[in-house]
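Asks: Here is my input, please return the structure:
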Amino acid sequence: MSQNKVYEGLQEMDGEGTTTELKNHLSEKFPDSTLPDYAANRLRKLEEKGVVEIDDTSRPYYVEIIDEEWDGINQELAERDFPPKSKDEE
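Replies: Down below sits the predicted model:
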């Protein structure tokens with residue numbers, strides 16, 4: 001679900017901004033969460049999926065959404081046990 005929350009936060013920033021701006025926004029949105037601390041890691045996962053583009057040449061990194069139609073990670077998958085239980089354990 002954290003990728004979904006990071007994506008949602010970036011959407012709320014008009015789909016673009018720096019990693020610092022996003023971290024600050026997420027800190028305000030989720031004040032009791034550690035999500036802002038690992039938002040950059042979640043952005044990298046979103047970049048691997050082709051959802052965002054990160055400009056590594058800027059400091060702080062500039063990020064923008066490139067897939068505005070991304071539906072996010074299915075909640076059932078996001079909340080599954082890890083490692084997943086085998087059929088024998090269920």
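Asks: Need phi/psi at residue 71.
Replies: Per-residue torsions, residue 71: phi -90, psi -10 (degrees, to the nearest 10).
Asks: got the contact list for residue 47?
Replies: Shown in contact with residue 47 (CB atoms under 8 Å, 6 or more residues apart in numbering): 53, 54. No exception for glycine: its C-beta is placed from N, CA and C like everyone else's.
Asks: Tell me how far it lies from residue 31.
Replies: Using CB to CB, to the nearest Å, residue 47 is found at 26 Å from residue 31.
Asks: before we move on, what about residue 46?
Replies: 23 Å.
Asks: So the two - more neighbours on which side?
Replies: Neighbours per residue, other CB atoms under 10 Å: of residue 46 and residue 31, the larger number sits with residue 46, 23 against 8.
Asks: So for the helix or strand hosting the more buried one, what gets flagged as buried?
Replies: Residue 46 is located in helix 39-48, with elements delineated by DSSP states H and E. For helix 39-48, a neighbour-count test (16 or more other CB atoms under 10 Å) marks 39, 40, 42, 43, 46 as buried.
Asks: Send me that helix as PDB with only the CA atoms.
Replies: The C-alpha coordinates for helix 39-48 follow below in PDB (Å, rounded to 0.1, in the frame of the first residue of the first chain):
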ATOM      1  CA  ALA A  39       9.300   7.400   0.000                       C
ATOM      2  CA  ALA A  40      12.400   7.600  -2.200                       C
ATOM      3  CA  ASN A  41      12.600   3.800  -2.200                       C
ATOM      4  CA  ARG A  42       8.900   3.500  -3.100                       C
ATOM      5  CA  LEU A  43       9.500   6.000  -5.900                       C
ATOM      6  CA  ARG A  44      12.200   3.700  -7.300                       C
ATOM      7  CA  LYS A  45       9.700   0.800  -7.300                       C
ATOM      8  CA  LEU A  46       7.200   3.100  -9.100                       C
ATOM      9  CA  GLU A  47       9.900   4.100 -11.600                       C
ATOM     10  CA  GLU A  48      10.700   0.400 -12.300                       C
END
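Asks: immediately after it, which helix or strand?
Replies: Following helix 39-48 in sequence, per DSSP H and E, is strand 52-55.
Asks: Can you name the residues in contact with that next one?
Replies: Residues contacting strand 52-55 (CB under 8 Å, 6+ apart): 7, 10, 43-44, 46-47, 61-67.
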